[in-house]
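Student: can't give you the sequence, but here's the structure:
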């Protein structure tokens, strides 16, 4: 065994420095630094790593972590830094941690991930976050006020995820959410309740995700979120529609996923319909709206909801008038019975594919599945996702069910049936 270990060690040491740098870059920084005791050659190899990852929870006490990061950044050479990630509490060490971020920005970091805990609301974020000329991807998670400086210089930033940030001035949101190079923006539980308007105007933005947090409990708000993203392809929203979402047309919009988190008063129905006017070009829609179980809200929704003339795929968690999606060709739902009810209620001349997420091998679901085979003249494919919990009976029952379905007469003859286990 000792001989084999010696051979492996010799083989590893024979690799060129560039390869070893890449290997070390895959390790947490603490482990990479530990390799410096292996031999004279390994003593300084870690100083050229292209990826640095530090996590306070991997250290026995706070002082050890702080001293380690100080020394690691001080001893690192001038090699380009591709990725830097840090998870730590801030506490009273604001100035020290901000200095680390500035040093990392000066190294030309391309991907930066910062997750901070125990942060004071008034914590001032460092200039390196806003003046990093090579930064391509930014993930920032912290509960503090974000105030952008007078000058924001992020000419390469394409991907930005902000979580739990607090915005108290409209200028900061305008500067960060309107970067000319931005292609992906994710706002997770950020707080802008003090603002009258939030502007998202990025000419190259392709993917936008907004997940509202518990701060959106102020039903007296009259704020607006204005979205101008002509290249948008994907849009996702989770929230209660306290704000009015005003979206300019995005002709290339491929998918939209809109999920409402609770019931609401009638006046918020208008906010929802206002957003969907901006989603008119969407091709694939996922909609989850519990309020539609109330007939009063359902009626208002159907009277004000715009026609989505380009939509060809629908995944619904609740009721929606199929007449509002005249080009629909893919229909997805949790239960096979709801699919059949919709197909009986509305004409869907373009429907080609049905996907049922929780198909149960009961006589009732089987009868309903049989009905599916005859309700559309152009139907090409039915996908039934098996939901049977008894795995020991799964294969036998599934095979019997599939054989039974395949033997049934159906129109059109070419309709395929797939059972996913």
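Tutor: Structure's in. What do you need? Since the model is a prediction, treat every value here as computed from it, not as a measurement.

Student: was I right about residue 68 contacting residue 30?
Tutor: Yes - Residue 68 lies in contact with residue 30 (Cβ atoms under 8 Å); the separation is 6.9 Å. Glycine gets a C-beta too; all of them are placed from N, C-alpha and C.

Student: what residues do the two have in common as contacts?
Tutor: Common contacts of residue 68 and residue 30 (Cβ atoms under 8 Å, 6 or more residues apart in numbering): 54, 59.

Student: and stretch 240-248, which residues are buried?
Tutor: 240, 241, 242, 243, 244, 245, 246, 247 (16 or more other Cβ atoms under 10 Å).

Student: what about residue 132, distance to residue 80?
Tutor: Here residue 132 is placed at a distance of 13 Å from residue 80 (Cβ to Cβ, to the nearest Å).

Student: more neighbours, those two?
Tutor: Higher neighbour count among residue 132 and residue 80: residue 132, with 25 against 11, using other Cβ atoms under 10 Å.

Student: and stretch 108-122, what's its mean pLDDT?
Tutor: Mean per-residue pLDDT for stretch 108-122: 92.

Student: What's the end-to-end length of it?
Tutor: End-to-end distance for stretch 108-122, by Cα to Cα, to the nearest Å: 27 Å.

Student: Then stretch 274-287?
Tutor: 15 Å.

Student: now swap in stretch 160-177 and tell me
Tutor: 9 Å.

Student: just to revisit the earlier point, so of the buried residues of stretch 240-248, which ones are in strands?
Tutor: Applying DSSP state E to these, the entries found in strands are 244, 245, 246, 247.

Student: The second one bridge partners, please.
Tutor: With DSSP bridges applied, residue 245 shows beta-bridge pairing to residue 225.

Student: Just to check, it is in contact with residue 271?
Tutor: Yes - taking contacts as Cβ under 8 Å, residue 245 lies within contact range of residue 271: 6.7 Å.

Student: if we can go back for a sec, could you dump the ones in strands among the buried residues of stretch 240-248 into a markdown table with distance to residue 151 and pLDDT added?
Tutor: Below are those laid out as a markdown table (distance: Cβ to Cβ, whole Å; pLDDT from 0 to 100):
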| residue | distance to residue 151 | pLDDT |
| --- | --- | --- |
| 244 | 31 | 88 |
| 245 | 30 | 90 |
| 246 | 28 | 91 |
| 247 | 29 | 90 |
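
Student: Would you mind giving the residues you listed as JSON lines with distance to residue 128 added?
Tutor: Shown next, in JSON lines, are these (distance: Cβ to Cβ, whole Å):
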{"residue": "244", "distance to residue 128": "35"}
{"residue": "245", "distance to residue 128": "32"}
{"residue": "246", "distance to residue 128": "34"}
{"residue": "247", "distance to residue 128": "33"}
